[in-house]
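J.: Structure of the sequence below:
(chains A and B)
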Amino acid sequence: MNRISPRLLSIGCGVVYLFMYAPLLVLMVFSFTPTEYGVAWEGFTLKWYKAVFNNKNIQDALKVSLIIAIPTVLISTAIGTITAFTLYRYKFLGRALYQGALYIPLVMPDLVIGISLLLFYTSIKFELGILTILLAHISFSIPLTTLVIIARMQRIDRTLEDAAMDLGADEWTTMWKVTLPLLKPGILAAALLTFPWSFNDFVITFFVSGVGSSTLPLRVYSMIRLGVSPMVNALGTLIVVVPLIFVIIGTYFDRRSVS
Amino acid sequence: MSPSAFWLLVFTMIPMGIVVYYSFMTRGPWGTIIFEFSLDSYRQVFDPLFLKIMGRSFKLAALTVVICLAAGYLIAYWIAFYGGRRKNLLLFLVILPFWTSYLVRIYAWMTLLSDHGLINTFLTEWGLIDEPLPLLHNQYSVLVGLVYTYLPFMILPLYASLDRLDRSVLEAAADLGATARERFFKVTVPLTKGGILSGSVLVFAPSIGEFLVPELLGGAKAMMVGKFIALKFIGLRHWPLGSAYSLLLLTMILALIYLYMRAGGGKDAYQEQQ
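T.: Numbering: from 1, shown residues only, chains lettered A, B, ... in the order given. Presented below is the predicted three-dimensional model:
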């Protein structure tokens, strides 16, 4: 049998994984070097991180990002939970269409979403700022939270709900005391995954932000435009690493909610 | 009306309606808009410059699909067949970059490829080159950025269909004398057609409308339609034309998704046969 050797396959995969991770690893390593790029290792420094923490613009942008990401997580998780309940529990006319329409924002290019919101806000004379960004973030996060929660819902053992009803619980009590607790890890996973989804968004935010409402990614973008500085490496490292903590915890709960 | 239906209507449907409305207006002097019905924007769809940029975007998105398919199939196959107990971890490593800042990931490529970037610095220090190689701001750097950004979208559906593949079918093929090559091309590939189709659509759709990759890694020579449209809104302020171009892009993507659904996408090809 002339099958491809697993060894060759592993090497090929190693190259692909390297391609996926090398750029970020290089960025992280060079955020600790004193000069921009020296081939020789010129020592370890934290000065770029200090510069990041002392930068007023970055602090402001971080505040804006959090002011947007936290309500986005709360509101879109709540709406996603209600939507998932509606879609899962009730059969109604046009349910498939509704579910399909809900996922439209997931297939639309971000650019088109951003532009359409820009035209919308301008048309109704809604001044661009934190609020316009927040509303945009909630609308692109709802499909995500709904999707994650529905996926969990489909795995709930429905006989538990039936049992509760048989034992005399009404629909409302069953929902509060049985379904929601079973769903809690899924809801938590949705919330934790929405955080980086909102925090990292660049393209849509770019079009719906106004003067004085730069989020962290928008601030990074303008720093990049001004020229590559090692401070961007440090800031980039922080932006990549910190939200990942949420993703790792979120994935953990997502897993646990399956088993 | 549930809150999500309200949100969908107000923040997706109505804004799209406004884009359609603007696409039928014309531009007045200094970027103002004349609110009178006109087909001007749609006539300019045949502008040779736009067609050229659209053609290039199509080509780059198609190449992205081909490269992602090759690299993605390799990874997905390896995880599904040789992943063993580390399957979940290996898959998690594929998804992880997707949750990190997309802007920072693209910026990371700038620091590798720029004139003073890591690659050029190394090559110069080792005396292999005198002048920095123009690695950034061309179609190749855009292609690298697109593959890098959208590769996870290809790997996941491929893995899903490869993992579900019934191994006994492969054993049967081997018993009947099929060589490894025949088993791969005549059994494995046709049975994972569903994953190949989904992955290709998921990579092609965002690639063709990509804005940030051509913005940061491309230059004037690697303009893509996403950046071209964005310029109509930020720089030149020609909203009616930008709206018409956006709708054209969206229509292309929706048509593609429609074709994919008709080709049996969404369902797994193997399950259908059973």
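J.: so where's the stretch 51-200 of chain A shaky on pLDDT?
T.: For the stretch 51-200 of chain A, no stretch is flagged by pLDDT under 70.
J.: Right, and chain B sits closest to which residue of it?
T.: Nearest residue of the stretch 51-200 of chain A to chain B, counting by Cβ to the nearest Cβ: A:Pro109, 3.1 Å away. The C-beta positions use only the backbone N, C-alpha and C, and glycine is treated the same way.
J.: in terms of contact, does that residue touch B:Gly209 like I think?
T.: Yes. Using Cβ atoms under 8 Å, A:Pro109 is in contact with B:Gly209, at 3.1 Å.
J.: tell me, what's touching the two both at once?
T.: B:226, B:249, B:253 (Cβ atoms under 8 Å, 6 or more residues apart in numbering or on different chains).
J.: Do you have the helices of the stretch 1-150 of chain B handy? List them.
T.: B:3-8, B:14-23, B:40-43, B:48-82, B:87-95, B:102-113, B:118-125, B:139-164 (DSSP state H, counting those that start in this stretch).
J.: sorry, that was for the stretch 151-274 of chain B
T.: Taking DSSP H, counting those that start in this stretch as the test, the helices found in the stretch 151-274 of chain B are B:167-175, B:180-183, B:189-191, B:193-208, B:212-216, B:225-234, B:239-262, B:269-273.
J.: before we move on, what about chain A?
T.: Ranges of helices in chain A, per DSSP state H, are A:6-30, A:47-54, A:56-89, A:95-102, A:104-107, A:110-123, A:130-153, A:158-166, A:171-174, A:180-199, A:203-208, A:216-225, A:230-258.
J.: Now look at the longest one and say if it contacts chain B.
T.: So the one you mean is helix A:56-89. Yes. Under the criterion of Cβ under 8 Å from any Cβ of the partner chain, chain B is reached by helix A:56-89 at A:79-80, A:82-83, A:86.
J.: how many other residues sit next to A:Ser209?
T.: 22 (other Cβ atoms under 10 Å in any protein chain shown).
J.: my read: it touches A:Thr215, true?
T.: Yes. A:Ser209 is within contact range of A:Thr215, at 6.9 Å (criterion: Cβ under 8 Å).
J.: Please enumerate the shared neighbours of the two.
T.: In contact with both A:Ser209 and A:Thr215: A:Ile133, using Cβ under 8 Å, 6+ apart.
J.: In stretch B:47-56, which residues are buried?
T.: By 16 or more other Cβ atoms under 10 Å in any protein chain shown, the buried positions in stretch B:47-56 come out as B:50, B:53-54, B:56.
J.: what number of residues lie near A:Ala22?
T.: Using other Cβ under 10 Å, the number of residues around A:Ala22 comes to 14.
J.: quick revisit: want to throw the shared contacts of A:Pro109 and B:Gly209 into TSV with pLDDT?
T.: Listed next are the shared contacts of A:Pro109 and B:Gly209 as TSV, based on pLDDT from 0 to 100:
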residue	pLDDT
B:Gly226	93
B:Leu249	93
B:Ile253	90
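J.: Show me the subset of the residues you listed that also lies near chain A.
T.: Answer for the shared contacts of A:Pro109 and B:Gly209 near chain A (Cβ under 8 Å from any Cβ): B:226, B:249, B:253.
J.: I'd like those residues laid out as CSV, including neighbour count.
T.: Formatted as CSV, these follow (neighbours: other Cβ atoms under 10 Å in any protein chain shown):
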residue, neighbour count
B:Gly226, 28
B:Leu249, 22
B:Ile253, 20
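J.: So for the chain, the centremost residue is which one?
T.: All of this is about chain A. Nearest to the geometric centre of chain A sits A:Trp197, at 1.6 Å (Cα atoms, centre = their mean).
J.: wrong one, I was asking about chain B
T.: Note: chain B centre (Cα atoms, centre = their mean) maps to B:Ser207, 2.6 Å.
J.: Can you give me the distance of the nearest residue to it once chain neighbours are set aside to B:Tyr260?
T.: Take B:Ser207 and drop its neighbours on the chain: the residue closest to it by Cβ to Cβ, 6 or more residues apart in numbering or on different chains is B:Ala61, 3.9 Å away. Noted for B:Ala61: a distance of 14 Å to B:Tyr260, by Cβ to Cβ, to the nearest Å.
J.: The two: which has the busier surroundings?
T.: B:Ala61 (22 against 18).
J.: can you pull the contacts of the more buried one?
T.: B:146, B:203-204, B:207-208, B:210.
J.: change it to 6 Å
T.: B:204, B:207-208 (Cβ atoms under 6 Å, 6 or more residues apart in numbering or on different chains).
J.: And the pLDDT for B:Ala269?
T.: Listed pLDDT for B:Ala269 reads 40.
J.: and what of A:Met28?
T.: For A:Met28, the predicted pLDDT is 89.
J.: State the number of residues packed around the residue nearest to it when sequence neighbours are not counted.
T.: Counting by Cβ to Cβ, 6+ apart, A:Thr237 is the residue found nearest to A:Met28 once chain neighbours are left out, at 4.8 Å. By other Cβ under 10 Å, 22 other residues sit near A:Thr237.
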